[in-house]
Structures are given as structure tokens and as C-alpha cells.
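1. Structure for this input, please:
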Amino acid sequence: MASINYDIKDDNSYLFECAELEVKELEFLDKGKMDRIIKSKNLKELIKNLGDTVYIAYSSELENSGSFEKVITDEYSKIAGYLSRRLKPSHMAMGEILFFEEILHNLKIIFKSIILDENLEGLFVPLFYSYSSLRKAIREEKYNGLSESVSATLQFILEVAGRKGEKDYRILEFEMEKIYMREMFKSAEKLGSDLIKSYVKHLIDILNIKNIYRNRYLEEEPDQGYFLYENGYLPAGLMAELKNKGFDIFQKEMKRTDYADIVARGTGALDSEEMFYPFEREENLFYINILEPLKYTVSNIEKILRFFFRKKMELKSLLVIFTGVIYGIDVKKIEERAGA
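-> Modelled structure (predicted):
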């Protein structure tokens, strides 16, 4: 991918936050520490190798539960809390962009809980809103205090719940996703950041590419028109048209775009191992390439996004490593999947 020089405007109101986060970058795990953690022979050794990192606070939790999930949810909650306290209200969309996967997951949980009339709070990832607050918003039809993207999605859920007759809930879930992604893009535009807008457009393109591959390899029935999002650099209609001409043509054309490495390495792993993880790994490298130049800037929301993106990637890598060590997966396999 060719490097683009974005016009980054410093915002002096974030001088303290950016200076604080720059110091905290020293807490990120370097390759040496990651290698030691990956080579842990068992849970006890893994916890010991985490001993000189910021994750030492979770030692007892990890030993007692044998799971890394609590670390993930706690750390995500801390990030969401930090952003809620430190970002200007007009910049909170940045938090939604950072956590778009988790927020979309939460909205799906709310959707299913309404449709099935079941309490699914245990599957909810608490971030900017609680499970009960979103359920209450739908119940009372009051969306004050919610972002425009979350509010619009909840209103769609309420409308679907009131429809009569048979419903294809998988298709309706696709529709819900498209509403959220459309509104999230609008919120990204309002931030006034060319880099973040570009980040979201790339994110949409990559989601569309992965959805087309999942549709093909998992042999899902819905037509791609249901799960292709608008507002990427590559028009959804064009991607659907290329796919309809044949998968070989689609792959060939995608390899001529900025996403060539994602497609080439992702396709290879799918064909040989039927695994999607290389897509995620190459996608993360793609975003890092976009965000990396921000380390040379001083004070802006883009720099804050870069820090917490790196934090999320570290947590996801540690989850893969932890699971691999617990189940005795080969070190090389863990390294590949963790991107370490």
C-alpha cells in the first residue's frame, strides 16, 4: 500500500492525553517479551512470564479461571472509560470506530434478546453503554444520550420487532448491520479527520472482501447484496459485479488494489488450511501502516486512536497466545495466528 500524507491538525486540548499515552507506550510488550510468553510450556509459566508486564495485576484471575476473557473485557472497559472521560463529545465517534466490531456484536445481542425475548446480558461486552440501558432505550423509545449510529440501529430493531408475519432474521440482521455501518461512516465524516475517514473507508472495503470470501467458502445462501456495505473506496455494486463474473476474476481485480497482500495471503490460507486468521493478521498490518506516521505528530485524536488500536491488537494477540498455550498448540502456529 502506498503511503498517503494526511493533513493532521493538532488539537491543543489533547496535549496532556497524548503526552500521557506516549509515556504509556513503554508498557507495550516488545518482541522479546512476546516470544517468552509464546514459548510458555503451561499456564503457570505463562503467568510467570506475564509477571514483568502491566498484566501482572491479572495473575490471580488467570490462575483461577484459566481464561483470558476477563482481561479482555476489563481492559476494553478501561479504554472505553478513558475515552468517555477524555474525548470531547463531538469526538466520541472515534471510540465507536475503534470498537465497531464489539459495538456491532452488542447490537446483535440486543436484537436477538428482543426477538427471542431472552436475557442475553452474559454475551454483552460492556463499553460505552450497558445492556440494560440499551434495552431500556428500546422499551421506552427514548434514545437520549446515545450516539446517532446506535440510536438509528435500536430504532430499526424496534421496528423489526413490531413487524407482523414471518421474518427472515438472518436477512434482517444484515440490514441492521448496514444501518449501523452507514451511520458510523456519517459520524466518521463529522470528525473532520481525513485520516479517520480514510481508515473507515478502508475498513468497509476489507469487511466487504472478507464477507465475499466467507460467503463463498462457508457456502452461505444470502446474496452478496445483503452483506456488502456502502461508503468504502470500492463501490459495493462493483464488488458484487466482479464476484458475479467469477471468483477468479474477483481475486485478480482485488490483487490490483491496496488490499493485494490481504487477498493473496488470506486466499492462500483459506485454500490450504480453511482458516480466516491471515485475513485478520494482514488487515491489522494494513491499519498499522496507515496509523504509524502519527507517532511523529504531537496532539490529536488520530494519535489517540493509534495508541488504543495498538492496545487492542496486543490484547487480541495475547488472547490467541493464552489459548494456544493452554491447549498445547505448536509454538509456530501460535506465532502465525498471533502475528507475533
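2. Any idea which helix or strand in this protein has the lowest mean pLDDT?
-> Here the helix or strand of the chain ranked lowest by mean pLDDT, DSSP states H and E is helix 260-273, holding a mean of 75.
3. Show the subsequent helix or strand relative to that helix.
-> Tracing the chain past helix 260-273, the next element assigned as helix or strand by DSSP states H and E is helix 277-291.
4. Low-confidence stretches in the chain?
-> 1-4, 164-166, 218-225, 268-276, 340 (pLDDT under 70).
5. how does it divide into domains?
-> Split into domains by automatic domain parsing, the chain comes to 16-87+301-340, 99-193, 194-299.
6. so how far is the first residue of the shortest one from its last?
-> In domain 99-193, first residue to last residue: 18 Å (CA to CA, to the nearest Å).
7. all strands of the stretch 51-200 of the chain, in order?
-> Taking DSSP state E, counting those that start in this stretch, the stretch 51-200 of the chain contains no strands at all.
8. residues of stretch 155-170 that come out buried?
-> Within stretch 155-170, the residues scored as buried using 16 or more other CB atoms under 10 Å are Phe156, Ile157, Val160. All C-beta atoms are positioned from the backbone trio N, CA, C, and that covers glycine.
9. can I assume the second one is in contact with Ile138?
-> Yes - distance between Ile157 and Ile138: 6.3 Å, which falls inside the contact criterion (CB atoms under 8 Å).
10. Now do the shared contacts for the two.
-> Ile110, Ile114 (CB atoms under 8 Å, 6 or more residues apart in numbering).
11. mind putting the domains of the chain in a markdown table, distance to Asn5 included?
-> Below are the domains of the chain laid out as a markdown table (distance: least, CB to CB, whole Å):
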| stretch | distance to Asn5 |
| --- | --- |
| domain 16-87+301-340 | 13 |
| domain 99-193 | 14 |
| domain 194-299 | 8 |
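12. right, and those domains - which one's nearest Lys9?
-> Ranking these by proximity to Lys9 (CB to CB) places domain 99-193 first, at 8.0 Å.
13. List the ones among the buried residues of stretch 155-170 that fall in helices.
-> Phe156, Ile157, Val160 (DSSP state H).
14. For the second one, give me its contacts.
-> Residues touching Ile157, when contacts are defined by CB under 8 Å, 6+ apart, comprise Leu107, Ile110, Phe111, Ile114, Ile138, Met176.
15. excluding its backbone neighbours, what's nearest Thr73?
-> In space, and not counting its chain neighbours, Thr73 is closest to Val125: 6.2 Å by CB to CB, 6 or more residues apart in numbering.
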